[in-house]
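Chemist: build me a structure from this.
(3 chains)
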Amino acid sequence: MQARWAYGALLVVLSVAVVVLAVVSLSQGRAPLQIFDLLFALLGEVEGANEAQLDLGVLILTELRIPRMLLGIMVGASLGMAGAAMQGLLRNPLAEPGIVGVSGCAALGAVLVFYSGLSAQFMLALPVGGILGAWVAVLLLYALAGRGASILTLILAGVAINAFAGAMTALVLNLSSSPFAFLEIIFWQMGSVADRSMENIWLCLPLMMIGWFMLWRAAPALDALSLGEDTASSLGFNLPGVQRLVIGGTALCVGSGVAVSGVIGFVGLVVPHLLRPWVGHRPGRLLPASALGGAALVLAADIVLRVIPTDTELKLGVVTALVGAPFFLYLVRKLRQETL
Amino acid sequence: MNPGLRITAENICLKRGERAVLDSVEFNVVPGEVVGLLGPNGAGKSTLLSILAGVARPDSGVVSLGTTHLGQWAAPARARAIGYLPQHADVYWSLTVWNVVALGRLPHRDQPDNTLEADHQAIEQALRRTEMLDFAERPFNSLSGGERMRVLVARLLAVGAGLLLADEPVTGLDPYYQLEFMDLFVDQAAGGAGVVLVLHDLALAARYCSRLVLLNAGTVIAAGAPAEVLSDDRLHEVYRIDAVRGVYGGQPFLVPWQRSLS
Amino acid sequence: MGPQRVVSLNLCADELLLLLGSPQQIASLTWLVKDPALSWSAQNAAAFPSNRGHVEEILLFEPELVLAGAFTASTTLTLLQRLNIPVLKLSMPTELQQVKAQLRQVATALGRPDVAERVIADMDRRLDKLASAAVMVPGSRRPVAALFQPNGLTATAGSLIDHIFDMAGLTNLAVLRDLPNYGRLPLETLVFDQPDLLVMSDYEQQLPSLAQALVRHPVLARTFADTRRVVVPAQTWTCAGPNMITAVEILHKAMRVHVQDRVNAS
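Modeler: Have a look, this model is predicted:
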């Protein structure tokens, strides 16, 4: 019983962290806004003085900063949750949408749809392109690494998929007739939530929510899988069904997120690993915790890159890589000592 | 515990490639029995057990649980009726002993009449029964081999199923625990469960099981009381050994003694 | 007579050659000038052979003069000079006086100095016309304009477009904000500062890119009414030449419309 309380407390702490970071995120930006005045104004209590200025501030808040903050939360939650789910399904602590190539292929799908002009005609084509790309990546992963693959095999498969996706993305951008396309590879491979609009949010939110729901439904099965596939099956879990939930859920939420924000790596690796001891190593409980943790991490990274004074804004993926890549190295080393 | 149901398997066949792993196998177990499933390595015992548990599918043949075809049981209901402990069972993540055993309650999670209290009690009882309650907060991976096995058996018990299927639950354990587990399973049967155990230890099988089924190369060689099934001829033919028999305290026993000559 | 078989290796040099030279003088222009999205001289240029700046192509034309731009490959130019082919390397003017000087320079090199004078006179006439219709925003402050191009690129101090703004009687927001060279104008800054005119170019808008998407962010439509936005064709200011006067005219007109709107509204 005590464990339940501890879990509840953890979720509360993480939620509070997300809310605090969200407010801090709203206060960051090039325009000098008085954030609390604006928040009150948004809620309808205008002071009267300098109404035009207030209106403008509210506009910047609602059109620029709130979308940025919301997208950071959505993408972070998706990456955290999907990372935890993949690790639970594959029983591999290094499984993560970026490392195993799911994000890279999602970017490829989105790039194909965007630069061919398809998404200009059917807006939904963009997140769908990302989702299809992500889905293909997981299928490829299974084909290359098989079920119950060792950690090493999985990472190698991920390297292959990432190499393929990266090369194809560069090729598509190179061949695009738009003169800006090739430079934009930086966005797709390094990720950003800057200068997005509420349109982007509405575009990917429904599909993401379906993805989150599917992953959440897989939680008990992931717990059962701790005992191995046969025991999990005897406990009433349909393995192909669980795979469908995790693969589909991951493709939906990571795919639609990458389509709008580019590839942001390592969130799904760092967050579950840090939170795992706090949820008693239970894969099922790790899912909601990682969603909140992922949201907090991405918000924090997005705040950091706005605080650092540079002329051209740093890319989000750079900041998460600065934290995540050394972490990845540390994990590999630790796992080598334990297993191999 | 759920009232035990009867499992009946008829004409089970399974091939892997060209090799017939199981060929026209008949099997059944009723509540109150402890059935020992014996045979040399590669006889098909584990495969048969996994088919009975509903985890693997035969190429042909029918498995019935109660009066209904096993395939027609909804997975959660089946999971509540049959508890399965496969060979080489392990726990991947660094869970505590309590949490490992708690996984046995997963089949009950959607049941309207199941409460957290009931779960808690079932887990506690299972741990008590296997003398692991004091280890409840310890990480599973910090335990010795014997202790881990006890936790896994506790997990099996926590399901509260009327049928217990365990694949080599005592192989490699200290004699104390071997005997303890066999007593435990006999107790469960006495309480109304049907138990099937895959065993390698002929002495234990002969002593504790109410009925034995002997497999060799995918077919049932013999089934029935231990004395019949483990006759000298059988031991010679299937295991290529000779055994020494005796009676102690009114109970017959046998001990594998030497490899057969000729 | 002037040099014959003149070859141009640069888009802006192409335009000057078409403007100032006689058709018989022209041997080859670059492939860029034939793109109507880049140049208004595309139709005139259609008849002439294209080159891609490779030395072998150039030599085939046996040119008596080669016009090159500031970024034409130096290896190419060195090679041409070694083969004793006269090369005129054009700079990138950022001010009206420099433009006029360049017109004269090229026309003289082509042996037709009087053409330059005609063009310059025409430019001056158009500018005079604008000066007489000078416009001030109520409150007598010079109107503020901001250039917002794909990726948020803007016209920083000393650039050609900055000069064009000045000629149109506009203050450049990028200069007010002291943005560094080749700097970007952050979207939030643009929205917060509320310049009187939002200037955008129309280059390649039909092709999808994230750079273009930024320019179409919904917040711009919500904060800048139609009369405060003006699109300037890229062909007017891709090269510094007489076409830049068109850009000045467009900006000037947009400002007049905007001021009129504000007067009507108040």
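Chemist: in the longest helix along chain C, what counts as buried?
Modeler: When chain C is scanned for its longest helix (criterion: DSSP state H), the result is helix C:243-265. Across helix C:243-265, burial judged by 16 or more other C-beta atoms under 10 Å in any protein chain shown covers C:243-252, C:254-255, C:257-259. In this view, the C-beta of every residue, glycine as well, is placed from N, C-alpha and C.
Chemist: contacts for it?
Modeler: By C-beta atoms under 8 Å, 6 or more residues apart in numbering or on different chains, the surrounding residues in contact with helix C:243-265 are C:15, C:40, C:99, C:123, C:126-127, C:130, C:133, C:135-138, C:143, C:145, C:160-161, C:164-165, C:167-170, C:196-197, C:199, C:227-228, C:230, C:232-233, C:235-237.
Chemist: so of those, which ones are in helices?
Modeler: Per DSSP H, helices hold the following members of the contacts of helix C:243-265: C:15, C:99, C:123, C:126-127, C:130, C:160-161, C:164-165, C:167, C:235-237.
Chemist: now that we have those residues, which of them are buried?
Modeler: Using 16+ other C-beta under 10 Å as the burial test, those include C:Glu15, C:Val99, C:Met123, C:Leu130, C:Leu160, C:Ile161, C:Ile164, C:Phe165, C:Met167, C:Gln235, C:Thr236, C:Trp237 as buried.
Chemist: quick one, what contacts the first one?
Modeler: Same thing as C:Glu15. C:Val33, C:Ser39, C:Ser41, C:Cys239, C:Gly241, C:Asn243.
Chemist: quick check: A:Ala295 touching A:Met81?
Modeler: No: with contact defined as C-beta atoms under 8 Å, A:Ala295 does not count as touching A:Met81 (9.5 Å).
Chemist: looking at these two, which is more packed in?
Modeler: Taking other C-beta atoms under 10 Å in any protein chain shown, A:Ala295 and A:Met81 do not tie; A:Met81 has more neighbours (32 against 28).
Chemist: element containing the more buried one?
Modeler: Element membership for A:Met81, per DSSP states H and E: helix A:66-90.
Chemist: with C:Phe192 instead?
Modeler: helix C:187-193.
Chemist: export that helix to CSV, keeping only CA atoms.
Modeler: C-alpha atoms of helix C:187-193 as CSV (Å, rounded to 0.1, in the frame of the first residue of the first chain):
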residue,chain,number,x,y,z
LEU,C,187,9.0,36.7,-35.0
GLU,C,188,8.2,37.9,-31.5
THR,C,189,10.2,41.0,-31.9
LEU,C,190,8.5,41.7,-35.2
VAL,C,191,5.1,41.3,-33.7
PHE,C,192,5.9,43.3,-30.5
ASP,C,193,7.5,46.2,-32.3
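Chemist: that helix vs chain A: in contact?
Modeler: Yes: counting by C-beta under 8 Å from any C-beta of the partner chain, chain A is contacted by helix C:187-193 at C:Leu187, C:Glu188, C:Thr189, C:Val191, C:Phe192.
Chemist: run through those and flag the ones next to chain B.
Modeler: Of those, not one also sits near chain B (C-beta under 8 Å from any C-beta).
Chemist: how many other residues sit next to residue 206?
Modeler: I went with chain A, as the question did not name one. When neighbours are counted by other C-beta under 10 Å, A:Pro206 comes out with 13.
Chemist: hmm, no, I was thinking of chain C.
Modeler: C:Gln206: 11 neighbours (other C-beta under 10 Å).
Chemist: same deal with B:Asp90?
Modeler: For B:Asp90, using other C-beta under 10 Å, the count is 13.
Chemist: quick one: residues contacting it.
Modeler: Going by C-beta under 8 Å, 6+ apart, B:Asp90 touches A:Leu227, A:Gly228.
Chemist: kindly recompute the last result at 10 Å.
Modeler: Counting by C-beta atoms under 10 Å, 6 or more residues apart in numbering or on different chains, B:Asp90 touches A:Ser226, A:Leu227, A:Gly228, A:Thr231, B:Phe140, B:Asn141, B:Arg148, B:Leu152.
Chemist: mind listing the shared neighbours of A:Ala295 and A:Met81?
Modeler: A:Val271.
Chemist: re the thing from before, which one in the buried ones among the ones in helices among the contacts of helix C:243-265 is the model shakiest on?
Modeler: When these are compared on pLDDT, C:Leu130 comes out lowest, with 86.
Chemist: okay, the residue nearest to that residue when sequence neighbours are not counted: pLDDT?
Modeler: Closest residue to C:Leu130 in three dimensions, ignoring its sequence neighbours and counting by C-beta to C-beta, 6 or more residues apart in numbering or on different chains: C:His252, at 5.3 Å. We have a pLDDT of 90 for C:His252.
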